[in-house]
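Novice: sequence first, predicted coordinates after that:
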Amino acid sequence: MKKKQVYVCNSCGYESPAWFGKCPMCGEWNTAVRISVEPTTSVETKNFEGPRALTDIQTSEHIRFSSGMKEIDRVLGGGIVPGSVVLISGEPGIGKSTLMLQTAARVTDNKPVLYISGEESESQLKLRAERLEITGEHIKVMTTGDLSFLTTLDIQEFSLIIFDSLQTLKLPGVSSLPGSVVQVRECANYIVSLAKGNGIPVFIVGHVTKGGQIAGPKLVEHLVDTVLYFEASKTGYRFLRTTKNRFGPSDEIAVLEMSSKGLEEISDLSTIFVEDYIPAPGNVITAVVEGSKTFLVEIQSLVSKPLYGTPRKLSNGVSFDRVLLIAAVLTRRAGIPLDSLDIYVNVAGGLQLSDPGVDLAIAASIVSAFFDKPLPEGFAAFGEIGLDGSIRSAMFSDRRIDRLKNSGFSTIHSPEGEITVRDIGEFLKRLRGGDT
């Protein structure tokens with residue numbers, strides 16, 4: 001029977017029976033790749049169990065077990081769920097393989113762990129294990145990208161299966177190169193079916209593109225149960241962020257530090273990013289909430305006359321649009337002429353913040369830099385700023401206040417608490433008059 005020819009977008013996975021120059025799904029140009037699809041001649045029938053009433057399903061069938069690392073358990077929602085599929089992505093060299101090998105060595109289950117690597121040889125994995133001081137008695141290693149060997153194994157004998165990485169895997173029945181959109185999609189489908197059908201948890205390592213997105217079709221992120229992004233800061237810390245989790249919160253964060261013995265957990269984040277804080281003009285401390293963690297960060301600002309005709313606005317660690325919004329509110333609602341000045345805002349430590357609760361701290365930092373006057377000792381601020389100049393409550397205000405007080409900050413400006421501020425104009429008067 002004649003094979004069917006289809007064109008697939010190599011960027012997003014969009015399929016079309018005809019060639020296209022610009023992908024109608026993602027808008028990319030010249031990404032159409034022609035592939036051959038085997039026609040389906042018959043439908044294989046299997047003996048499936050009948051549907052079960054929800055009340056008849058026992059939750060004991062899905063008891064979590066620990067990965068051996070408390071921080072990893074927390075971002076997964078409390079541990080590893082049998083039959084779940086976890087996708088871990090990150091830039092090259094950030095430590096994805098190291099994390100997977102450490103997890104394989106520490107997982108708290110009596111069964112062995114199957115580690116499938118398509119990127120490293122057996123000797124390379126052994127050298128990595130020796131560096132991490134891992135004996136690996138219960139770790140079974142397979143260095144291949146061909147998934148056909150899984151049909152010869154008894155999957156039930158393993159407590160966890162790790163694939164490193166998705167872009168190196170291939171299925172013999174798919175006429176496409178490893179790493180291509182079609183091959184990645186089909187391999188992901190096969191792995192998810194394997195995990196769900198046998199109740200075995202699976203970790204998949206994935207690559208990222210230049211834009212920081214997971215390489216391959218977006219369908220992969222929809223198929224898996226949990227998506228974790230592994231990223232690094234300029235301070236050397238590694239952040240493992242949950243962006244999707246069917247079995248727990250999707251906004252958790254774990255902080256790890258790379259050492260000579262592998263990745264080490266940082267359980268207390270409270271003050272590690274403000275250890276070098278100096279009360280200088282433009283420097284402000286605020287409290288940030290990421291998942292279940294509350295920690296302090298330092299906001300830095302610099303305001304100066306433009307070197308050229310057009311004033312510049314730059315930000316690092318916070319949204320550029322957010323900085324423009326806050327500067328506009330200060331200009332319009334507080335009467336500070338910032339529109340003709342250069343403004344530079346930075347989050348110390350290379351952190352990337354999306355918490356709107358840092359708005360008030362950014363405003364205080366810009367005002368302090370504008371007047372070239374440091375803020376009082378023990379000063380801290382948090383709250384969200386509206387376009388009308390109002391200062392609104394931030395989520396988990398009690399946790400932020402407690403964290404700041406425990407770290408020695410007594411003058412805390414926020415919409416809720418001992419020093420209450422509700423308007424940006426009122427807040428500016430307090431800063432200029434020293435009334436805290």
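Specialist: That came through, no problem. None of the values given here were measured: they were computed from a predicted structure. Residues are numbered from 1 along each chain as shown.

Novice: give me the helices and strands touching whichever strand in the chain runs longest, please.
Specialist: Ranked by residue count, the top strand of the chain under DSSP state E comes out as strand 293-304. In terms of contact count using 3 or more Cβ pairs under 8 Å, 6 or more residues apart in numbering; DSSP states H and E, strand 293-304 is assigned the packing partners strand 283-290, strand 342-347, helix 359-371, helix 397-406. Just so you know, the C-beta spots here come from the backbone N, C-alpha and C atoms, and that holds for glycine as well.

Novice: redo those as JSON lines? Include mean neighbour count.
Specialist: Supplementary listing: the helices and strands packed on strand 293-304 in JSON lines, determined by neighbours: other Cβ atoms under 10 Å:
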{"stretch": "strand 283-290", "mean neighbour count": "25"}
{"stretch": "strand 342-347", "mean neighbour count": "21"}
{"stretch": "helix 359-371", "mean neighbour count": "25"}
{"stretch": "helix 397-406", "mean neighbour count": "18"}
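
Novice: to Thr144, which of the ones you listed lies closest?
Specialist: The closest approach between Thr144 and any of the helices and strands packed on strand 293-304, judged by Cβ to Cβ, belongs to strand 283-290 at 38.1 Å.

Novice: tabulate the helices and strands packed on strand 293-304 (TSV), appending distance to Glu377 and mean pLDDT.
Specialist: Formatted as TSV, the entries for the helices and strands packed on strand 293-304 read as follows, by distance: least, Cβ to Cβ, whole Å; pLDDT from 0 to 100:
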stretch	distance to Glu377	mean pLDDT
strand 283-290	11	95
strand 342-347	22	96
helix 359-371	13	96
helix 397-406	13	94
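
Novice: out of these, which gets nearest to Ile72?
Specialist: Comparing the helices and strands packed on strand 293-304 under Cβ to Cβ, the one sitting nearest is strand 283-290, at 15.7 Å.

Novice: which elements pack onto the closest one?
Specialist: Judged by 3+ Cβ pairs under 8 Å, 6+ apart, the packing partners of strand 283-290 are strand 293-304, helix 359-371, strand 379-381, helix 397-406.

Novice: try 10 Å this time
Specialist: Based on contacts counted as 3 or more Cβ pairs under 10 Å, 6 or more residues apart in numbering; DSSP states H and E, the elements that strand 283-290 packs against are strand 253-259, strand 293-304, helix 359-371, strand 379-381, helix 397-406, strand 411-414.

Novice: re the thing from before, please point out which parts of the longest strand of the chain sit buried.
Specialist: Applying a neighbour-count criterion of 16 or more other Cβ atoms under 10 Å, the buried positions in strand 293-304 are Lys293, Thr294, Phe295, Leu296, Val297, Glu298, Ile299, Gln300, Ser301, Leu302, Val303.

Novice: swap in stretch 158-165?
Specialist: The neighbour-count check on stretch 158-165 (16+ other Cβ under 10 Å) flags Phe158, Ser159, Leu160, Ile161, Ile162, Phe163, Asp164, Ser165 as buried.

Novice: JSON lines for those residues, including pLDDT, distance to Glu221 and secondary structure?
Specialist: Shown next, in JSON lines, are these (pLDDT from 0 to 100; distance: Cβ to Cβ, whole Å; DSSP: H, G, I helix; E, B strand; the rest coil):
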{"residue": "Phe158", "pLDDT": "95", "distance to Glu221": "25", "secondary structure": "coil"}
{"residue": "Ser159", "pLDDT": "94", "distance to Glu221": "25", "secondary structure": "coil"}
{"residue": "Leu160", "pLDDT": "96", "distance to Glu221": "21", "secondary structure": "strand"}
{"residue": "Ile161", "pLDDT": "97", "distance to Glu221": "19", "secondary structure": "strand"}
{"residue": "Ile162", "pLDDT": "97", "distance to Glu221": "18", "secondary structure": "strand"}
{"residue": "Phe163", "pLDDT": "96", "distance to Glu221": "16", "secondary structure": "strand"}
{"residue": "Asp164", "pLDDT": "94", "distance to Glu221": "18", "secondary structure": "strand"}
{"residue": "Ser165", "pLDDT": "90", "distance to Glu221": "15", "secondary structure": "coil"}
